[in-house]
Structure formats: structure tokens, C-alpha cells
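Colleague: The sequence and its predicted three-dimensional model are supplied below.
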Amino acid sequence: MKKILETDRLYLRQFIKGDTLDLFQLNNNPEVLRFTGDVPFTSSQETQAFIDHYFKNVYYNPTNGAPTHLGRLAVMRKTDHVFLGWCGLKFNSTINAVDLGFRFHQYFWNRGFATESARKVIEYAFRELKLIQLIAHAHINNKASQVVLIKCGFTEKEQIIYDNQPTLLYYLKNTEFELREITAAETWPVRHPVLRKNRPLEDVYMESDEKESTFHLGVFHNSKIVGVASFMEDTHPDFSGFQSRLRGMAVLDEYRKKGIARWLLEHGEKILKNRNRSLLWFNARANALSFYKNLGYKMTSEEFHISQVGPHYTMKKEL
Ligand SMILES: CC(C)(COP(=O)(O)OP(=O)(O)OC[C@H]1O[C@@H](n2cnc3c(N)ncnc32)[C@H](O)[C@@H]1OP(=O)(O)O)[C@@H](O)C(=O)NCCC(=O)NCCS
């Protein structure tokens, strides 16, 4: 049993087999389930499957492969080790976002435990895991949950249907991250180690870098540049329309799988649309194919080889 987080009154740890009864009881209280869209567990095996699922919900640090817990955690009271409920994170692959959630035994409501544990989980998500933002869901009538989220700094985004329930979607940005337009030279601390590793520094230069129509975007973490992308006017002979080309998309190893490349690309697309560009294309490295496909880009070529880099495919998207 590993303690992950600690607050004044609480500690948060991974679930253990001994939590089965508590989780079973938690999910059998109609008051607890009133706004969650869940149904009670029908057996202890189902409860165990829930525990196993969260045990597997681990986030792997892309640099050293070290597992970091990214799952719901049991919230325990320090004084007597009583299981109060759970609070924690969950990666939602459908919308590519990490969700904050919590649920407590009714007996422990209105004592500030949800806010205290949620604040600690947010600090962990932003400081340790360096996630760029969190989302959260609350049923439109679940005022208590909404108050907790607002006290934690979340902002209401929109009303959606989630788990078949009318739900408010909230989000909270990690203010340690910032995206802004940068110069070509500012891209080099990321372009060089990621895209031109073991090559001379001058290899980072791209021919359209300084053109007036080119723009470069950078994501900064506490003033350190961690992700870059460049958008250049360039006409591909196979495509028509007012085209732009993406070049130099790169994120430092230790900042990958947090949505930084997606943020850069989506922001770039917005700027291009405002500038009336109709198509964005690029030559994608084979290892980044699925990332681009998931953002709506289509392959338009067979595999081809770029010297010193490796296999590539041309991809495009109408804007
Ligand atoms: C390709 C590259 C730019 C992607 O950068 P990134 O910031 O890791 O990209 P994102 O985090 O936006 O998305 C990557 C994946 O992480 C997932 N992800 C996003 N947030 C996540 C989170 N909080 N937890 C877990 N996974 C997450 C996304 O679903 C995505 O999955 P997919 O690849 O299956 O679509 C980066 O790997 C890189 O620099 N590679 C080397 C250079 C390169 O290949 N550049 C592209 C040249 S064409």
C-alpha cells in the first residue's frame, strides 16, 4: 500500500483489496449515486474489477519509463485510518483530457474533505505530472460538487450530456504553462535536441524560417521552452488552395503525452483559418502518424525516406 499524497487531515493512497467493502457500500447509497450516472455494484467481483481498473491507470514518464500513479485514490483520515471516499485523476482518451473526480461516503459530506483532497490532487497533477490542464464533470443539479470545483479554481465551460446526464463541464488550466508566438531562433532549444540530435546546430535552420508569412509557436513551462511548431506558406504540387506547411513540430521528451503538441497544432490551425488558409500539409515522421491521424489529418502518400531522419508520409487536412 503506497501513500501518494498527504494533506493536514488526510492521506491519499492506491486502492487495496481491503477497500472492496467500502467501495461496494459507497456505490450502493442512492444519495451518493443520485448525480453520478452510475449504477450500484451488484457483486464484490464487480467492485474488485473497479479497483483493478484504477490500479492499471498509471501514467508512464516518457523519459525514464517510470510509472506514476494517474488514477482515483482512496482518501483516508489520518487520525483513525478510516476510508472516507476517493478522489483522483483519470485519462479520458475520447477527449484527450485528464479528469478530476471524487466521491465520499454520505456520512463525511460537508466537512471539507472533497475540497481538501481535490486541491492536493490538482497540485500533484500540475507540479509533479506537469499536466497542462484538468477537466471535471458535475451534474447540473449537483450543487455541492460544483462548489468544490469552483473553490478549487475550476471554471464552467459548457453544458453537455455525459453518461446520459445533463452535465456541466469544467476546466482548470495549469498557469505554469503558456503558449505564445516566438521567433525562429527561440525554437532551437527544442528543435535541436529533438529533431536534429547529434547534428551541428546550424542544421536547425529551415529555409522559410525568417519569411514574413511564417509564424512560430512555442509552449513554455515556467519560462522554459518545451514545445515548438512552425507554420510556413508552401505549395505542394498535389494540392490546391491557399496552403500552409507545418514544420519542426517537437516537444521535449519529458513533456510528451500531456497534450502540448495538440495545443500547438490546434492553435496554429486557428491562426491559419483567420488568415484564410484552406489547407495544412506536412511530411510526418512515421512515429508521429497516429498523433496526427487522431487530429483529423489524412495520409496522402506512400512511405518515403528522408536522409538522416527516416521514414515519412505526407499528410494534410482541409481547414
Ligand atoms: C510527435 C510529438 C510532437 C507529439 O508531442 P506530444 O506533446 O507528446 O503530443 P500530445 O501529448 O499532444 O499527444 C500525444 C499522445 O499523448 C496522448 N495524451 C495527451 N495527453 C495525455 C495525458 N495527459 N496522459 C496520457 N496521454 C496523453 C494523446 O492522446 C496522444 O496519443 P496518440 O499519439 O495516440 O494520438 C512528440 O512525440 C515529438 O516531439 N516527437 C519527436 C519529434 C517528432 O516526431 N515530431 C513530429 C515530426 S512530423
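Modeller: Alright, I've got the coordinates.

Colleague: so where do the strands sit in the stretch 201-319 of the chain?
Modeller: 215-221, 224-233, 243-251, 279-285, 298-299, 304-306, 310-318 (DSSP state E, counting those that start in this stretch).

Colleague: what about the fifth one and the ligand, touching?
Modeller: So that's strand 298-299. No: residues of strand 298-299 are not located near the ligand by C-beta under 6 Å from any ligand atom, the shortest gap being 12.3 Å. Every residue, glycine included, has its C-beta placed from N, CA and C.

Colleague: Return the list of helices and strands in contact with that strand.
Modeller: strand 310-318 (3 or more C-beta pairs under 8 Å, 6 or more residues apart in numbering; DSSP states H and E).

Colleague: Buried ones in the strand it packs on, by neighbour count?
Modeller: 312, 313, 314, 315, 316, 317 (16 or more other C-beta atoms under 10 Å).

Colleague: Show me which residues of the stretch 151-300 of the chain sit near the ligand.
Modeller: 194-195, 227, 249-251, 256-262, 284-285, 287-288, 290-291, 294.

Colleague: Tell me which entries of those residues lie within helices.
Modeller: 194, 195, 260, 261, 262, 290, 291, 294 (DSSP state H).

Colleague: Do you know the pLDDT at the closest residue to the third one other than its chain neighbours?
Modeller: Right, residue 260. Leaving aside its chain neighbours, residue 260 sits nearest to residue 227 (4.2 Å; criterion: C-beta to C-beta, 6 or more residues apart in numbering). At residue 227, the model reports a pLDDT of 98.

Colleague: what sits against residue 227?
Modeller: Taking C-beta atoms under 8 Å, 6 or more residues apart in numbering, we find residue 227 in contact with 190, 218, 219, 250, 251, 252, 255, 260, 261, 263, 264.

Colleague: pLDDT check: weakest of those?
Modeller: Least confident of these in the model: residue 255, at 92.

Colleague: so how far is residue 289 from it?
Modeller: 20 Å (C-beta to C-beta, to the nearest Å).

Colleague: now residue 172
Modeller: Residue 172 is 31 Å from residue 289, by C-beta to C-beta.

Colleague: which residues touch the closest residue to residue 215 other than its chain neighbours?
Modeller: Closest residue to residue 215 apart from its sequence neighbours, by C-beta to C-beta, 6+ apart: residue 231 at 5.4 Å. Contact analysis of residue 231 by C-beta under 8 Å, 6+ apart lists 214, 215, 216, 217, 244, 245, 246, 247, 268, 271, 272, 280.

Colleague: do that again at 7 Å, thanks
Modeller: 214, 215, 244, 246, 268, 272 (C-beta atoms under 7 Å, 6 or more residues apart in numbering).

Colleague: Now neighbour count too, for those residues, in TSV please.
Modeller: Below are the contacts of residue 231 laid out as TSV (neighbours: other C-beta atoms under 10 Å):
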residue	neighbour count
214	18
215	20
244	26
246	25
268	22
272	21
